[in-house]
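> build the 3D model from these lines:
(2 chains)
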Amino acid sequence: MAMNYNAKDEVDGGPPCASGGTAKNRRPDNTAFKQQRLPAWQPILTAGTVLPTFFIIGLIFIPIGIGIFVTSNNIREIEGNVFMYYGLSNFYQNHRRYVKSRDDSQLNGDVSALLNPSKECEPYRRNEDKPIAPCGAIANSMFNDTLELFLIGNESHPTPIPLKKKGIAWWTDKNVKFRNPPGGESLEERFKDTTKPVNWVKPVYMLDSEPDNNGFINEDFIVWMRTAALPTFRKLYRLIERKSDLHPTLPAGRYYLNITYNYPVHSFDGRKRMILSTISWMGGKNPFLGIAYITIGSISFLLGVVLLVINHKYRNSSNTADITI
Amino acid sequence: VPWGQNTASFVAEEERRARANDREYNEKFQYASNCIKTSKYNILTFLPVNLFEQFQEVANTYFLFLLILQLIPQVSSLSWFTTIVPLVLVLAITAVKDATDDYFRHKSDDQVNNRQSQVLIDGSLQQEQWMNVRVGDIIKLENNQFVAADLLLLSSSEPHGLCYIETAELDGETNMKVRQAIPVTSELGDISRLAKFDGEVVCEPPNNKLDKFSGTLHWKGSKFPLSNQNTLLRGCVLRNTEWCFGLVVFAGPDTKLMQNSGRTKFKRTSIDRLMNTLVLWIFGFLVCMGVILAIGNAIWEHEVGTRFQVYLPWDEAVDSAFFSGFLSFWSYIIILNTVVPISLYVSVEVIRLGHSYFINWDRKMFCAKRQTPAEARTTTLNEELGQVEYVFSDKTGTLTQNIMVFNKCSISGRSYGDVFDVLGHRAELGERLQPVDFSFNPLADKKFLFWDPTLLEAVKMGDPHTHEFFRLLSLCHTVMSEEKNEGELYYKAQSPDEGALVTAARNFGFVFRSRTPKTITVHEMGTAVTYQLLAILDFNNIRKRMSVIVRNPEGRIRLYCKGADTILLDRLRPSANELLNTTADHLNEYAGEGLRTLVLAYKDLDEEYYEEWAQRRLQASLAPDSREDRLASVYEEVENDMVVRPRGLGRGRGRGPGLGRVCDLRPPPPAHPPPAAHIGVGISGQEGIQAVLASDYSFSQFKFLQRLLLVHGRWSYLRMCKFLCYFFYKNFAFTMVHFWFGFFCGFSAQTVYDQYFITLYNIVYTSLPVLAMGVFDQDVPEQRSMEHPKLYEPGQLNLLFNKREFFVCIAQGIYTSVLMFFIPYGVFAEAAQDNGAQLADYQSFAVTVATSLVIVVSVQIGLDTGYWTAINHFFIWGSLAAYFAILFAMHSDGLFSMFPNQFRFVGNAQSTLAQPAVWLTIALTTVVCILPVLAFRFLKLSLKPDLSDTVRYSQLVRKKRAQHRCARRPGRGSSRRSGYAFAHQEGFGELIMSGKNMRLSSLALAGFAPRSGSGWIESLRRKRSDSPGSPGGGREGRGAVLPRHCPSGFS
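Predicted coordinates:
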């Protein structure tokens, strides 16, 4: 800050400019802004600020990392609600042509888009002169295997585990983004001039028996339409709700998974998986985050120590007080 | 030719003919009218012409090309608006600026074209606007009027057709010049005779030579030679002349003024040149990346894509993996083009404009006496002011403020002018002693001071040498005198030197009193003597001397000559060697004191020789071609074999602050030819308007140059460098994420971010903080950079932004982009939301990466900003807030329900940003990106601090100290210690000895404290010889550039 510097001395002091004050005053305004004297904070990277930063980051990150790590490892124990996922790998839901191949107007229940889907849906826009609903490559490639889980209590009578279909989609997706077209009594009527996607077995209005989970607002469909960021991904398939606090959701025992195989992945070397998991405060099992936090925290702490040593070593007289910002 | 000028007669004109009072005759030549047009557009042409001009910029065309690419559906990887919004913004800003400029040009054109002038039409004077004046018209000018066009002077109110003009607008000289009509026309004083005048001028075609004119007047069957002496040029002002008449020879765009005001060459700073190179490199880099990704795409489509066609068939147009790769190349060019965003050039211009305003607003560069603030006339060169290596000054007038006084002289081997004090010691200049008393001479100038009484004694004693010396000074000049009242003499001199010399002669008793074209009257020691003036052999820059040939009342003809010593010494009669040597010694002595020196000489001519010579001179002056050369050789012949009598000395009173000393300290000029100046600096006031108009920066006192360079230039350079570093960094960090993502999305040119984020990242989320830094940043306070010129050095050595720094920035950007992609990748691979839903969906990923990016680059700008004003705070926090506000708005239900296909991210921000895992990811990414930067900067600051770091640090220490002291001992102010630290050399010692400063300062000072000027020069030399093409090289133009090691000299 140049507050103590007197501009007047400099300019008016010199003999050639000694006399001032003619009629028109063109002298620039003496404002802090124009004279570049705005009050300002001028931080400097001193030992007093930088070193504590490193230590503090270390001290914060390591415990968080440990916390995450422990939480993440505990997720294995199947308590509380259990979530059932299907996983696909080598499946490029993030390919540009795939991502754009949908019509959100249609999915939002717009009648004109229903009958005349967006060009982005090509080549799954029309079939046999009828508009496809839902159009596009994403919808067309919807995952349609069915998974059923049985607990093998005794050999002859496996108990089916109740799998909840609803509550697996994002709230905004289910309630805002996806809507069935208006009009008509039955869902079928509303979709009457459309045809099903090429790969589908059933039309969209026959995805489920419950009306609030059928058509565009079928949650399996909604989950599929939320495309994955990476070619290996998992999507939520079913919920296994905890019955009571006394029993674990999935008690220890032998289970039987029945898969109705509809969805071919062999042609492109795809893999399918089924994952059962519980959830903690920070989401699903996530070893990466915990390890990363512990690592970065340690590095930061170490770096702090190294810098401290360097700083001390190059200091001539170490008895001086630290002056910091 | 400036745009849109009248170009009617564009067949190359070989000679010009103009007949007075005959518009019909003159019209057939279709000469340009006197209407000038400097504006470029009108309302109708503005849009097409301006757009046409703007698209001549390579950058704009490039973005237009990208825009067209995006319209191809198979290629389009981004929405059209991601490119068109910034492009339109840039075009609009430029168009508004151009329109404003042109509006003012229109206004000034109108104002000039509508000035009134009196034109002789049909035998009477009529008021006409300037634009209606035609070649061949006779116009009347009155005192203090601007000359409307280039005129042949016909007659004037003054005797002998003389008239006086001020040419400040043309050549920058404020003193008056005299012009004279040729004798045959000078009698045409009244309208009736002028109306009958039907002379025809045949002369050279329009050209831009201000000091040359050759033509002939054909009238009544005779030919009369015309020279520059007979013309009045447009832009001059008539002075001390009641009226005059002139014949228009050149009008409007053909006038010498307009011919000189062609578009100035667009100058580029060395940063500009570097930036262009780097942009080319980046473009090459972009193509490489495109090729890599295109190859990747072709391979992927061949290996994976073909088999994935069950779910994702190829586009109809695509029939092979190779073609798909080709399309993908263009798609990636579109996505990755943000490494060189269009906003780069606009931002650079905005920053420079800001710096120019700071120069204009600086009170410390304002001269109260002349009411002139400094002015940055070119707004595109500011950071170059921080890299100046040499200062060239075109004339001593710049340094001396054009004030000259007669100071010393050597007459016949005796030197006068030294001042001795009572003890007989030579006194220093400026010591106050009793000045010589000139009261014997009633005509003496009271303001003239001389300190050596012996010269006046010699004159009073009647010493013939001194008499001849002053006689010469009173005769050989082109000064005009004016005597309003008896005895009150005013001299109007062409140059201050002449004025000083004639004034000296006046005080010593040889008073130049009056002149007519044929006589000069001098009062010699009280008696009036009239000399017959036979010839004036005028001064010019080649001859570097002037002579007069006079006949004294006794009838003797004598040539008096004065001129530059180098020239005159060669023309002396080779005799009296001893005298010559003594005088040469004196001359050297004077020159050594910094005085401006000249030599006087004379020569007697006999009558016959003179007659014969005069004849030859007349012939030469009538010669149709190369008249000047012929005259010069005739002059040359007579100015020879002269006798050096006296030598005179004028001296510039060195009031040019600072540089006077600096000059003395300078080492001899470098052996290699100095690079031509790049930045022109004009001193407004003394030099006249043209010197200022032609300059890039102007201010009224030379000393302000120091502040312009050391404060404004240094800051500009620093800010621009920091701006560029950060700008490239942030765009690489932003863009390269797409490259990494390419490997995971089948090289399909899918973007990582939402399209709106891509559109707004450069123009909204990250533009203002870096602009604020580029405009307001300061590393050390201004008074420190004045005190420590060494701080200027990094600019000269080109240290803050060069190819190496650029690669460091790029590397940091790429490093950031890697983390920006792979940390979320690692986290998201298996993550789920806390309600069990998938987290690794594309939209959540996009939001996470975008948010981390905005936060990381904001933290980085926070680290880079050294001077956090309220504006910086506002912009940085504001940008972050804007990011989140826009994010939530774009993901809102409302927008989605209106345009479902445009706002597909509905509900994403709420959902994603509510996840702890996402914030943990963002925090992790931020820390990992910033931590190494912090460590590197701290290490550099600890181990190898720059001087600016040290100064900045010591500033902090001082502040802390002051606070401590105040807290402990409230009674004692800190004023006594204000000089502590850096005000003086000793300050360093105190700081070090105190032990309170950390190694930070002591280390650095060890390197800086000694006067290591030579070492520094060496390093500069090394650098220059290493890189001949470096910023110093290849400059052109005029003006001021800094001496080699001025920084230390300035202190």
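> separation between the residue in the stretch 201-350 of chain B that chain A sits nearest to and residue A:227?
Nearest to chain A in the stretch 201-350 of chain B, going by C-beta to the nearest C-beta, is residue B:311, at a distance of 3.8 Å. To be clear about C-beta, it is placed using only N, CA and C from the backbone, and glycine gets the same treatment. Separation of residue B:311 from residue A:227 (C-beta to C-beta, to the nearest Å): 12 Å.
> quick check: neighbours shared by the two?
Here residue B:311 and residue A:227 share the contacting residues residue A:98, scored by C-beta atoms under 8 Å, 6 or more residues apart in numbering or on different chains.
> now the end-to-end length of stretch B:255-272.
35 Å (C-alpha to C-alpha, to the nearest Å).
> scratch that, stretch A:66-82
Start-to-end span of stretch A:66-82 (C-alpha to C-alpha) is 24 Å.
> okay, domains of the chain per the record?
Picking chain A for this. Domain assignment for chain A by the TED database gives A:47-75+A:286-313, A:92-231+A:251-270.
> that's the other chain; I wanted chain B
Using automatic domain parsing, the domains assigned to chain B come out as B:11-24+B:133-258, B:409-664, B:719-942.
> please work out which of those domains is packed deepest.
domain B:719-942 (a mean of 21; mean count of other C-beta atoms under 10 Å in any protein chain shown).
> separation between the residue of the stretch 201-350 of chain B closest to chain A and residue A:201?
Note on residue B:311: its distance to residue A:201, by C-beta to C-beta, is 16 Å.
> over to residue B:939?
65 Å.
> same list (the domains of chain B) but as a markdown table, adding distance to chain A and mean pLDDT.
Formatted as a markdown table, these follow (distance: least, C-beta to the nearest C-beta, whole Å; pLDDT from 0 to 100):
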| stretch | distance to chain A | mean pLDDT |
| --- | --- | --- |
| domain B:11-24+B:133-258 | 16 | 86 |
| domain B:409-664 | 7 | 78 |
| domain B:719-942 | 3 | 92 |
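> separation between the spatially closest residue to residue B:26 that is not a sequence neighbour and residue A:247?
Spatial nearest neighbour of residue B:26, chain neighbours left out: residue B:136 (3.8 Å); criterion: C-beta to C-beta, 6 or more residues apart in numbering or on different chains. Noted for residue B:136: a distance of 116 Å to residue A:247, by C-beta to C-beta.
> where do the helices sit along the stretch 801-950 of chain B?
B:803-828, B:842-864, B:870-890, B:893-898, B:908-912, B:916-943, B:947-968 (DSSP state H, counting those that start in this stretch).
> now do the contacts for residue B:359.
Residues in contact with residue B:359 (C-beta under 8 Å, 6+ apart) are B:365, B:374, B:375, B:376, B:382, B:697, B:708, B:712.
> list buried residues within those.
B:365, B:374, B:375, B:376, B:382, B:697, B:708, B:712 (16 or more other C-beta atoms under 10 Å in any protein chain shown).
> restrict the residues you listed to contacts with chain A.
residue B:365 (C-beta under 8 Å from any C-beta of the partner chain).
> neighbours of residue A:312, how many?
11 (other C-beta atoms under 10 Å in any protein chain shown).
> dihedrals phi and psi, the residue of the stretch 1-150 of chain B found nearest chain A?
Taking C-beta to the nearest C-beta as the measure, the stretch 1-150 of chain B has residue B:77 as its residue closest to chain A, at 6.3 Å. Per-residue torsions, residue B:77: phi -110, psi 0 (degrees, to the nearest 10).
> is it true that it touches residue B:750?
Yes: contact criterion C-beta atoms under 8 Å: residue B:77 and residue B:750 qualify, at 7.4 Å.
> find residues that contact each of these two.
Counting by C-beta under 8 Å, 6+ apart, the common neighbours of residue B:77 and residue B:750 are residue A:96.
> let me see the contact set for residue B:36.
Counting by C-beta under 8 Å, 6+ apart, residue B:36 makes contact with B:5, B:109, B:112, B:113, B:131, B:252, B:253, B:258.
> ditto for residue A:131
A:114, A:115, A:116, A:117, A:125, A:193, A:194, A:195.
> do you know the pLDDT at it?
Note on residue A:131: pLDDT of 93.
> for it, give its distance to residue A:107.
With distances taken as C-beta to C-beta, residue A:131 is found 13 Å from residue A:107.
> also residue B:839?
In terms of C-beta to C-beta, residue B:839 sits 22 Å off from residue A:107.
> which residue is nearest the centroid of chain B?
The centroid of chain B falls nearest to residue B:696 when counting by C-alpha atoms, centre = their mean (2.1 Å).
> that one contacts residue B:379, doesn't it?
No: look at residue B:696 against residue B:379 with C-beta under 8 Å: they stay out of range, at 9.2 Å.
> residues in contact with residue B:372?
A:26, B:366, B:684, B:685, B:699, B:700.
> quick check: nearest residue in space to residue B:170, chain neighbours excluded?
Using C-beta to C-beta, 6+ apart, the nearest residue to residue B:170 is residue B:235, at 5.0 Å.
> that neighbour in helix, strand or coil?
Under DSSP: H, G, I helix; E, B strand; the rest coil, residue B:235 falls in the coil class.
> list the contacts of it.
Contacts of residue B:235 (C-beta under 8 Å, 6+ apart): B:146, B:147, B:167, B:169, B:170, B:255, B:257.
> got phi/psi on it?
phi 100, psi -20.
> where does the stretch 51-200 of chain A get nearest to chain B, which residue?
Counting by C-beta to the nearest C-beta, the stretch 51-200 of chain A gets nearest chain B through residue A:172, at 2.6 Å.
> determine the three-state secondary structure at the closest residue in space to residue B:254 that isn't next to it in sequence.
Nearest residue to residue B:254, sequence neighbours excluded (C-beta to C-beta, 6+ apart): residue B:206, at 3.8 Å. What three-state DSSP gives for residue B:206 is coil.
> what helix or strand does residue A:252 sit in?
Element membership for residue A:252 (DSSP states H and E) is empty, with no helix or strand holding it.
> do the same with residue B:217
Per DSSP H and E: strand B:214-219 holds residue B:217.
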